[in-house]
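Enquirer: can't give you the sequence, but here's the structure:
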């Protein structure tokens, strides 16, 4: 029994249709992979997530006995006062100082686009003034950093330790690396 030419073409058309459907699915799969890859927050090999700095402050202060505070965006006008470094366009930062000025507590979170967290941390640590409030002084100064994040904590030792402890796992999540910590107690601290 021999098939007619018309029947052979129908079979060939079905195969072409199936092949075009498989090609479409393969193309759709490739596009999906590319779309998910573009959602990665890496920029030129550096980890640059878009997590709001205010959310990072909340995470750092979670389960820590901190005084009431207000989070303030740092600008060219106030970065020097809070972080003890000059303003730069590649930085974004927030501060969370105690609302009551007799409580020596300050937390600063800085994101740097340049990956120069170590240099910033060293400059902040060397310039930090635990007596910036004039009539009260923080017990300790702690600066922790990754390539793209720096935190400065000036507060009581137990509070600063708890906040920097919270930064450890957060640093790994945000920047894909472990943090490094500088800390020094204030010799002029009087409880």
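Expert: Yes, it's here. Here the structure is a predicted model, which is why all the values come from computation and not from measurement. Residues are numbered from 1 along each chain as shown.

Enquirer: Of all the residues in stretch 152-165, which ones are buried?
Expert: 152-156, 159-164 (16 or more other CB atoms under 10 Å). All C-beta atoms are positioned from the backbone trio N, CA, C, and that covers glycine.

Enquirer: Sitting in strands, which of those residues do you find?
Expert: Mapping the buried residues of stretch 152-165 onto strands (DSSP state E) picks out 152-155.

Enquirer: Pipe those residues into TSV and attach pLDDT and distance to residue 55 per row.
Expert: Putting those into TSV (pLDDT from 0 to 100; distance: CB to CB, whole Å) gives the following:
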residue	pLDDT	distance to residue 55
152	97	18
153	97	17
154	96	21
155	95	20
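
Enquirer: Now the host helix or strand of residue 110: average pLDDT?
Expert: Assessed by DSSP states H and E, residue 110 sits inside strand 106-112. For strand 106-112, mean pLDDT is 96.

Enquirer: quick one: it to chain centroid distance?
Expert: Distance, stretch centre to chain centre, for strand 106-112: 10 Å (CA atoms, centre = their mean, to the nearest Å).

Enquirer: which helices and strands does the following helix or strand past that strand pack with?
Expert: Past strand 106-112, further along toward the C-terminus, the next helix or strand under DSSP H and E is helix 117-127. Helix 117-127 sits against strand 106-112, strand 140-145, strand 149-155, strand 180-185, with contacts defined as 3 or more CB pairs under 8 Å, 6 or more residues apart in numbering; DSSP states H and E.

Enquirer: which parts of helix 117-127 are buried?
Expert: By neighbour count on 16+ other CB under 10 Å, the buried set for helix 117-127 is 117, 120-121, 123-125.

Enquirer: Kindly report the same for stretch 55-73.
Expert: Quick answer for stretch 55-73 (16+ other CB under 10 Å): 56-57, 59-61, 64, 66-67, 69, 71.

Enquirer: what's the most distant pair in the residues you listed?
Expert: 56 and 67 (18.5 Å; CB to CB).

Enquirer: circling back to that earlier point, looking at the buried residues of stretch 55-73, which are in helices?
Expert: Members of the buried residues of stretch 55-73 lying in helices (criterion: DSSP state H): 56-57, 59-61.

Enquirer: closest to residue 77 among these?
Expert: Closest to residue 77, out of all of those and judged by CB to CB, is residue 57, at 19.9 Å.

Enquirer: Would you format the buried residues of stretch 55-73 as JSON lines with distance to residue 173 and pLDDT included?
Expert: Below are the buried residues of stretch 55-73 laid out as JSON lines (distance: CB to CB, whole Å; pLDDT from 0 to 100):
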{"residue": "56", "distance to residue 173": "10", "pLDDT": "95"}
{"residue": "57", "distance to residue 173": "15", "pLDDT": "97"}
{"residue": "59", "distance to residue 173": "9", "pLDDT": "95"}
{"residue": "60", "distance to residue 173": "12", "pLDDT": "96"}
{"residue": "61", "distance to residue 173": "16", "pLDDT": "96"}
{"residue": "64", "distance to residue 173": "18", "pLDDT": "96"}
{"residue": "66", "distance to residue 173": "21", "pLDDT": "95"}
{"residue": "67", "distance to residue 173": "26", "pLDDT": "93"}
{"residue": "69", "distance to residue 173": "23", "pLDDT": "94"}
{"residue": "71", "distance to residue 173": "20", "pLDDT": "96"}
